[in-house]
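Chemist: Would you be able to build a 3D model of this:
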Amino acid sequence: MKAKDQQKIHFIAIGGAAMHNLALALHQKGFLVSGSDDEINEPSRSRLNAAGLLPKQDGWKPESISKELDAVILGMHARADNPELLKAKELGLKIYSYPEYLYEQSKDKTRVVIGGSHGKTTITSMILFVLKKVGMEFDFMVGAKLDGFDTMVKLSDAPVIILEGDEYLSSPVDRRPKFHLYRADIALISGIAWDHINVFPTYESYQEQFRIFADQIPITGKLVYCEADPEVKNLVEQSVTPAKKIPYGIPAHEIRNGITWLQTESGEVDLKVFGEHNLMNLEGARSICNLLGIENPQFYKAIREFTGASRRLETLARTEQVAVFKDFAHSPSKLKATTEAVRKQFMNETLVACMELHTFSSLNEDFLDQYKGSMDGADIGIVYFNPHTIEHKKLKPISAERVKAAFGNPGLKIYTDSKRLMDDLLQMDPRGKVFLMMSSGNFDGQSLEEFALKIAEKTMTPTSH
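Modeler: Numbers count the residues shown, from 1 in each chain. Sure, this is the predicted structure:
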């Protein structure tokens, strides 16, 4: 590509997880990429630096915006009064949100969009894993770092793109949900459970976004949906979309000695993942792969090697006497599903389930009661929250008593000091236990990997009497 033909793209807030991956993808495609941000953390900083895309210094530089730019991509971290954004508007440049630009790059492709309140990262990851195994050419955008993939975004000349469809806002100046902007040819809805209450203050307003998503699919399109989720089933059945509707549910399976086996038309298939939600995710992924020309025997041969998406029931440690898992679960539905999945997989062990209230919704007192019963599947249930985080988010303070009442579990243990929490967990005899650590955060800087290593090491030493 000649220099004069190269697209010049500038990223406002290049340091975001999604933004820096798109920047890397465009750089790999041969575009001239620049960017800015007022704060860039790891791993974005190192990855941008390795590609020569790290801004020389933090901060906004209106002078970096010129008429030579072909497009400006605006990240969620930037505000509506960002000086670079104002300059771009003044010059009449093309300004895209992240999802708008992905559509611009994929409007001539078959767009497969995976939506849902939970499971979308895992389903997208499963599809990518299988397509790569069978050697299909494809582009993608996924919300987690996957083994075997250098970036979370790929843009090429492939005829199909797989997009994880987030229902959150597109940018500070575009209040539309991201997944509306992708204009799916093939869509999937995995589940609907109220989330993002700072943007969708009622369940009805949240649910409406999925109805719009479904209704957008053209007559030539397909809508794959989880009929085991009553909210999804009802919404899809009432949808006016002319697209063909394809339901899926929980496949036939057995659990033997801690391993889940699928019962398929071509025999049993042993899996490295487990839990009813993962099995439903697998069925959704299979339906999508079928629509892309992948036959069941190919799919099953590939998926048996899938170990999961990052932070989605990720195994941190496993010995004969203990297991430690990390999961992204934070909403009530995710919390309940993950806890129950681990409970069913390890029926004879003591399940210690620990979750962090970290998101805006979870720390909002008006939302707390949605968590009722969500950790009842655990033998020992623990909830951690940091009062300073609540203060930082400018929310009303909540007490340990209020949290316990919301979960409806009198045996629940509440912590507000993450170091004390980890110390107390390490004081337990780990033998015969399964530890499930759930958060969209990191328990205020505590290393779960280090914790898991210490727990595993304790099972290697003789029991003292």
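Chemist: Now do the strands in the stretch 101-250 of the chain.
Modeler: In order along the chain, the stretch 101-250 of the chain carries the following strands (DSSP state E, counting those that start in this stretch): 110-115, 139-141, 153-154, 160-165, 169-171, 174-177, 186-189, 222-226, 244-248.
Chemist: Indicate which one of these is closest to L86.
Modeler: L86 lies closest, by CB to CB, to one member of these: strand 169-171, at 14.4 Å. Any C-beta I mention is one placed from the backbone N, CA and C, and that applies to glycine too.
Chemist: now what about that closest one, what contacts it?
Modeler: With CB atoms under 8 Å, 6 or more residues apart in numbering as the test, strand 169-171 has contacts from 74-76, 78, 97-100, 175-178, 181, 199.
Chemist: Just give me the closest of those residues to R256.
Modeler: K178 (40.5 Å).
Chemist: So which of the contacts of strand 169-171 sit within helices?
Modeler: Using DSSP state H, the members of the contacts of strand 169-171 that fall in helices are Y98, P99, E100, K178, L181.
Chemist: Compile the residues you listed into JSON lines and extend it with columns for distance to K89 and neighbour count.
Modeler: What follows is the ones in helices among the contacts of strand 169-171, written out as JSON lines (distance: CB to CB, whole Å; neighbours: other CB atoms under 10 Å):
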{"residue": "Y98", "distance to K89": "18", "neighbour count": "25"}
{"residue": "P99", "distance to K89": "19", "neighbour count": "25"}
{"residue": "E100", "distance to K89": "15", "neighbour count": "21"}
{"residue": "K178", "distance to K89": "22", "neighbour count": "27"}
{"residue": "L181", "distance to K89": "20", "neighbour count": "22"}
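Chemist: Same list, the contacts of strand 169-171, but as JSON lines with pLDDT please.
Modeler: Formatted as JSON lines, those follow (pLDDT from 0 to 100):
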{"residue": "L74", "pLDDT": "94"}
{"residue": "G75", "pLDDT": "90"}
{"residue": "M76", "pLDDT": "83"}
{"residue": "A78", "pLDDT": "86"}
{"residue": "S97", "pLDDT": "92"}
{"residue": "Y98", "pLDDT": "90"}
{"residue": "P99", "pLDDT": "93"}
{"residue": "E100", "pLDDT": "94"}
{"residue": "R175", "pLDDT": "80"}
{"residue": "R176", "pLDDT": "89"}
{"residue": "P177", "pLDDT": "91"}
{"residue": "K178", "pLDDT": "92"}
{"residue": "L181", "pLDDT": "95"}
{"residue": "V199", "pLDDT": "77"}
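Chemist: Give me the domain ranges for the protein.
Modeler: 3-93, 101-303, 314-458 (automatic domain parsing).
Chemist: chain center to the second one: distance?
Modeler: Remark: domain 101-303 is offset 12 Å from the chain centroid, using CA atoms, centre = their mean, to the nearest Å.
Chemist: just the helices in the stretch 351-465 of the chain please.
Modeler: Counting by DSSP state H, counting those that start in this stretch, the stretch 351-465 of the chain has helices at residues 387-392, 400-407, 418-427, 448-458.
Chemist: Could you pull up the mean pLDDT of the shortest one?
Modeler: The reference is to helix 387-392. Per-region confidence: helix 387-392 scores 85 on mean pLDDT.
Chemist: could you dump the contacts of strand 169-171 to JSON lines with distance to L351?
Modeler: Below are the contacts of strand 169-171 laid out as JSON lines (distance: CB to CB, whole Å):
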{"residue": "L74", "distance to L351": "44"}
{"residue": "G75", "distance to L351": "39"}
{"residue": "M76", "distance to L351": "36"}
{"residue": "A78", "distance to L351": "42"}
{"residue": "S97", "distance to L351": "41"}
{"residue": "Y98", "distance to L351": "38"}
{"residue": "P99", "distance to L351": "38"}
{"residue": "E100", "distance to L351": "44"}
{"residue": "R175", "distance to L351": "41"}
{"residue": "R176", "distance to L351": "40"}
{"residue": "P177", "distance to L351": "35"}
{"residue": "K178", "distance to L351": "35"}
{"residue": "L181", "distance to L351": "40"}
{"residue": "V199", "distance to L351": "33"}
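Chemist: Between those residues, which sits nearest M126?
Modeler: Taking these together and measuring to M126 by CB to CB, the closest member is K178, at 20.4 Å.
Chemist: residue contacts, that closest one?
Modeler: Contacts of K178 by CB under 8 Å, 6+ apart are S97, Y98, P99, G165, D166, E167, Y168, L169, S170.
Chemist: mind checking how far the closest residue to the last one other than its chain neighbours is from F140?
Modeler: Across the structure, with CB to CB, 6 or more residues apart in numbering as the measure, the residue nearest S170 apart from its sequence neighbours is S97 (3.9 Å). Distance check for S97 against F140: by CB to CB, to the nearest Å, it reads 19 Å.
Chemist: Fine by me, we can end here.
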